[in-house]
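K.L.:
could you look at this predicted model? Sequence included:
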Amino acid sequence: MQLRPEQLESHLEKTLAPVYLLSGEEPLQLMEAADAVRAAARSKGVEDREVFNVDKGFDWEQLSVAAESLSLFARQRLLELRLPTGKPGPQGSKVLQAYARRPAEDTVLLIEAGRLDANDRKTAWCKALESVGVLVQVWPLDLPGTQAWMQRRMRRHGLQPTAEAVRLLAERVEGNLLAAAQEIDKLVLLSGPGPVDADGVLSAVADSARFGVFDLVDAALAGETARAVRVLQGLRDEGVEDVLVLWALAREIRALHRMAEQVEAGKSVQQVLAGVRPQRRQPVVRQALRRQGAHGLGRLLSGCARVDRAIKGRHPGNPWDELLDLTLNLAGAHVVPDLSPPTGTP
């Protein structure tokens, strides 16, 4: 039987198979899948655990002997076989096929393998193990997959994230699930269980910083050029990620663009500003709308796309220089000072 990683937990709540074969290249999901099998085994009375690491000189008879022997201290056992290459070789293949034909009584065999491709799945040993147990293959996640994974994990931790909050976190970690898990743990620690929106994510990220991305946005909206430059430099010095700064600016510019289009369509500025929260931000938003029309804000959105390409290495510009350009244009300035370190700075 084959299961997806997200199906393993519900499976283990119902039963415990004699064999689990875990394979893939995504370390966190593999580690947590193995931990889930171990935890399920312990909950069902498995106390004895023996680990085998398959290296160049590994003697496969060790596994055969362990499978045939009974534990002196515990009736139920967990045998762990770590197979990093995913290829047991001729002798290993024979031993694993023999085990699959007659799994050891009161024993769970957990195999942690490397990547298994389509040809590996067709081998006799792999098919034999899958016929009596469970195969879980873990693949690196794309952005939508990362977002789905993060949403499930956040909900398990008691968080109720908005789609925007999930997108922001997913873009920050770029498929690194270890980093994603750390960010989620940080959110739980700082804010506790409950609703989480993009503002909450940004606040948590900037919690230890002297400057925050909201300070940058408000300074730019108010046309406070010098302060906006100082805050941007502070964010850079304090190690705030460029993708977070872009997220905050781009989100504000998109909102301004929608409001400017509404004004040009005939709505009064006061009507448009009525939806701005908190209300104390309405004056700076009004200033920004007065400076930038829908056309100008459309150009700023194109600037956001350019910064995004620079961050991803698809544009030759320096991301922080591009962010400075974007900030100054949002603030209504025309001169772009250089934020690059002085010559000779390491």
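P.N.:
Sure thing, it's come through.
K.L.:
out of the helices and strands in this protein, which is least certain?
P.N.:
Of all helical and strand segments in the chain, the minimum by mean pLDDT, DSSP states H and E falls on helix 198-205, at a mean of 75.
K.L.:
may I have it as PDB, with CA atoms only?
P.N.:
This file holds the C-alpha atoms of helix 198-205, laid out as PDB (Å, rounded to 0.1, in the frame of the first residue of the first chain):
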ATOM      1  CA  ALA A 198      -0.300  38.800   7.200                       C
ATOM      2  CA  ASP A 199       0.100  41.700   9.600                       C
ATOM      3  CA  GLY A 200       0.600  39.200  12.400                       C
ATOM      4  CA  VAL A 201       3.300  37.400  10.400                       C
ATOM      5  CA  LEU A 202       5.100  40.600   9.700                       C
ATOM      6  CA  SER A 203       4.800  41.800  13.300                       C
ATOM      7  CA  ALA A 204       6.300  38.500  14.600                       C
ATOM      8  CA  VAL A 205       9.100  38.600  12.100                       C
END
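K.L.:
who are the packing partners of it?
P.N.:
Secondary-structure packing of helix 198-205 (3 or more Cβ pairs under 8 Å, 6 or more residues apart in numbering; DSSP states H and E): helix 163-173, helix 177-191, helix 213-221, helix 242-264. No exception for glycine: its C-beta is placed from N, CA and C like everyone else's.
K.L.:
try 6 Å
P.N.:
helix 163-173 (3 or more Cβ pairs under 6 Å, 6 or more residues apart in numbering; DSSP states H and E).
K.L.:
residue ranges with poor pLDDT in the chain?
P.N.:
70-75, 174-175, 205-211, 334-346 (pLDDT under 70).
K.L.:
ok, residues contacting stretch 44-59?
P.N.:
With contact meaning Cβ atoms under 6 Å, 6 or more residues apart in numbering, stretch 44-59 is reached by 16, 63, 66, 71, 74, 76-83.
K.L.:
ChimeraX command to pick out the buried ones of those residues?
P.N.:
In ChimeraX, a selection of the buried entries from these looks like this (16 or more other Cβ atoms under 10 Å):
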select :16,63,66,76,77,78,79,80,81,82,83
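K.L.:
just want the angle from the least confident helix or strand of the chain to helix 213-221.
P.N.:
Here helix 198-205 runs at an angle of 120 degrees relative to helix 213-221 (axes from the mean of the first three to the mean of the last three Cα atoms, to 10 degrees).
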